[in-house]
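> Only the shape, not the letters, is given here:
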């Protein structure tokens, strides 16, 4: 009797849990990239997908709907397949969409059960469709290559790597403003052209690549990258930055708030033409430090002082370190950050041999 | 069924596994707000309070010698039957609530069309088999699950911890003590340890008070540590999610090895099985104490399992019922009943019974 019941239950479970009602792999669109552009009525969504892992990035679809999910669901109208989002690598938002505010379309990526918080997010210089349909050698650019453009900041020191999670935290943090790397479609693929910053979910403006490095350096996100220093006494020197770090100190004085950002980095001389002399290295270190500080100050001046977007997390730091002050003044943070003083001190230490040969071709 | 004994380590390890498996349902809604670090403080407070709440239970167990609380209460008169009846109800309620929460989780994070009811039935089937085999089987399995949890949880959370950002840690009690107070019932609830201790501790050999202390300390450290990890890795994003602990697990990756959340879900299922099996076995003892059957009746297990499954299915299907079965405030009251009120009643009845007749050795 017991065996019969066990067998019966086992059969019932096997029959019910076999997943027969679920689509086969070929009946799914394995979404690898999503682009969202504003359309006259709702959103125009571009989808990059593959039908299996081997032919990744082979397919490109566009669809339209009142909401992002409606547009994505309508893919099945033209393909007969079900979109599957958990393999998604990245989301690209169109310029116009970001200007109108991402809050309306972002919720899907936060709420929907099949989406992930660790997807890379980008802003298109023009339309998301243009970025996702970029080709290299006559073939659509692979989504993994496009995703790598964000994380490539660890090598070039000029592009921010931002995931959906970071963007949402940038919006929700005390006094904070989120950022997103900007992608431009061009012949031969796509490339990062700067860093966009937002006021809430609405696009405010963009930092260029030099300012982006300044932003990364001042917010302790700079890892590596090439810094070109040129001066009559130095010639043109390309430094490879390494082991960069920064910290920010807050001071409250009678005149108002003050933030001092100290950036430290090590560097190797990777290329040099012209210049040289007895004081070459001290001068080089000073010039590199000044350049890095200028780039950071330029980013702070534009984003924080002029546009009142706290992309560096000064407000969050104040909130964490001086909660009492923040409780009293947090509501006026926009005015406070614009009137605060910011000082960037950058120190670049060039690694060298004691008696290194400076003689080159130039 | 042969009554077997298990060691203190096995018993409290199994209870630890079942308690922390419920921890993945921690979220801003149940914690009473988005300041989850404040909830870490209330977690420690609630577990300290649990220790105090359990004092009547320990006193009653001491009075009863080798008897369980239901036995002690029943020997004190007809009113004493309320104690095993309450524990029976509480164990079924806790099991059904845990099953319901698991189904809500499956629907929310896996697929709304997922056959979560059948998965629950399968889990309950495994737990039922364990309970039929006896307490020793459940205890041994609990130790295995604990090992898997330590290794699997360590792997998943260790990989997710690389995302820890101190900038996400917000000042404690910035918005006052409101959230700490609101989270307090959450950590007091979602555990059936009081009922299981009251019913099963006589079958546990060793330094039981030490085991309970270890359980409190281990659970407190784990849960508060987990909350700090969630806040440090997810920041305010955590408050936008129904199951932030699961989201944290889904972030774990090493190069191309991504999404180890399936491992995490598996660990939760294993913890749930131990919780249900322990609860079912305790139900069986309660049935016997109530005099429903000569020995501990097998049919009582099927009945209790059916009730748990039914409650779990109803909970998953009805948001109205979720307000009762998943609400931390209501659950905390039930837990307080199991931890303090029922033991107090057993204590009073036990003292009365002791005055009437000389102590007897328990028949095994």
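Thanks, I have it. Please read these numbers as outputs of a predicted model, since none were measured by experiment.
> Now do the residue nearest to residue B:316 when sequence neighbours are not counted against residue B:115, distance only.
Distances taken as Cβ to Cβ, 6 or more residues apart in numbering or on different chains put residue B:103 closest to residue B:316, at 3.6 Å, once the chain neighbours are dropped. Quick note: C-beta positions are derived from backbone N, CA and C, even for glycine. With distances taken as Cβ to Cβ, to the nearest Å, residue B:103 is found 10 Å from residue B:115.
> Which one of these two is surrounded by more residues?
residue B:103 (21 against 16; other Cβ atoms under 10 Å in any protein chain shown).
> Quick check: buried residues in the host helix or strand of that one?
Using DSSP states H and E, residue B:103 maps to helix B:82-105. Along helix B:82-105, these residues count as buried under the neighbour rule (16 or more other Cβ atoms under 10 Å in any protein chain shown): B:82-105.
> contact partners of the helix or strand that that helix is followed by?
Sequence order places helix B:116-133 as the next helix or strand after helix B:82-105, per DSSP H and E. With contacts defined as Cβ atoms under 8 Å, 6 or more residues apart in numbering or on different chains, helix B:116-133 is touched by A:9, A:13, A:16-17, B:1, B:99, B:102-103, B:106-107, B:110, B:137-138, B:141, B:269, B:272-278, B:280-281, B:284, B:298, B:301-302, B:305, B:308-309, B:312-313, B:316.
> Quick check: residues of the stretch 101-250 of chain B near chain A?
B:108-112, B:115, B:118-119, B:121-122, B:125, B:167-171, B:174, B:234-237, B:239-241, B:247, B:250 (Cβ under 8 Å from any Cβ of the partner chain).
> Now restrict the residues you listed to buried residues only.
B:108-110, B:115, B:119, B:121-122, B:125, B:167-168, B:170-171, B:174, B:234-237, B:239-241, B:247, B:250.
> how many neighbours does residue A:187 have?
For residue A:187, the number of neighbouring residues by other Cβ under 10 Å comes to 7.
> what's the closest non-adjacent residue to the residue in the stretch 251-362 of chain A that chain B sits nearest to?
With Cβ to the nearest Cβ, the shortest gap between the stretch 251-362 of chain A and chain B falls at residue A:323, namely 4.2 Å. In this structure, residue A:323 finds its nearest non-sequential neighbour in residue B:171, 4.2 Å apart by Cβ to Cβ, 6+ apart.
> Give me the helices and strands touching the helix or strand hosting residue A:190, please.
Secondary-structure assignment from DSSP H and E places residue A:190 in strand A:189-199. Applying 3 or more Cβ pairs under 8 Å, 6 or more residues apart in numbering or on different chains; DSSP states H and E, one finds that strand A:189-199 makes contact with helix A:143-151, strand A:179-186, strand A:202-207, helix A:209-218.
> switch the cut-off to 6 Å
strand A:179-186, strand A:202-207, helix A:209-218 (3 or more Cβ pairs under 6 Å, 6 or more residues apart in numbering or on different chains; DSSP states H and E).
> Give the buried residues for it.
Going by neighbour count (16+ other Cβ under 10 Å), the buried part of strand A:189-199 is A:189, A:190, A:192, A:193, A:194, A:195, A:196, A:197, A:198, A:199.
> Sheet-wise, list the partners of it with their directions.
Applying DSSP bridges, strand A:189-199 is found paired with strand A:179-186 (antiparallel), strand A:202-207 (antiparallel).
> List of residues touching the longest one?
Taking Cβ atoms under 6 Å, 6 or more residues apart in numbering or on different chains as the criterion, the residues outside strand A:179-186 that touch it are A:121-125, A:130-131, A:134, A:150, A:159-160, A:162, A:190, A:192-197, A:206, A:311.
> could you pull out the helices for chain A?
Using DSSP state H, the helices found in chain A span residues A:2-16, A:68-73, A:75-79, A:95-100, A:103-111, A:128-132, A:143-151, A:153-156, A:164-172, A:209-218, A:280-299, A:314-321, A:323-329, A:333-339.
> Those: lowest mean pLDDT?
Per-stretch mean pLDDT for the helices of chain A is lowest at helix A:2-16 (a mean of 74).
> Name the residues that touch that helix?
Counting by Cβ under 6 Å, 6+ apart, B:118, B:122 sit against helix A:2-16.
> now stretch A:106-118
A:68, A:69, A:85, A:86, A:163, A:164, A:165, B:109, B:240, B:251.
> let's see it at 8 Å
Here stretch A:106-118 has contacts from A:67-69, A:84-86, A:88, A:91, A:119, A:163-165, A:167-168, A:201, B:108-112, B:234, B:237, B:240-241, B:247, B:250-251, B:253, B:259, using Cβ under 8 Å, 6+ apart.
> what residues does chain A put near chain B?
Counting by Cβ under 8 Å from any Cβ, chain A sits next to chain B at A:9, A:13, A:16-17, A:86, A:110-111, A:113-114, A:116-118, A:165, A:168-169, A:172-173, A:313, A:316-317, A:319-320, A:323, A:327.
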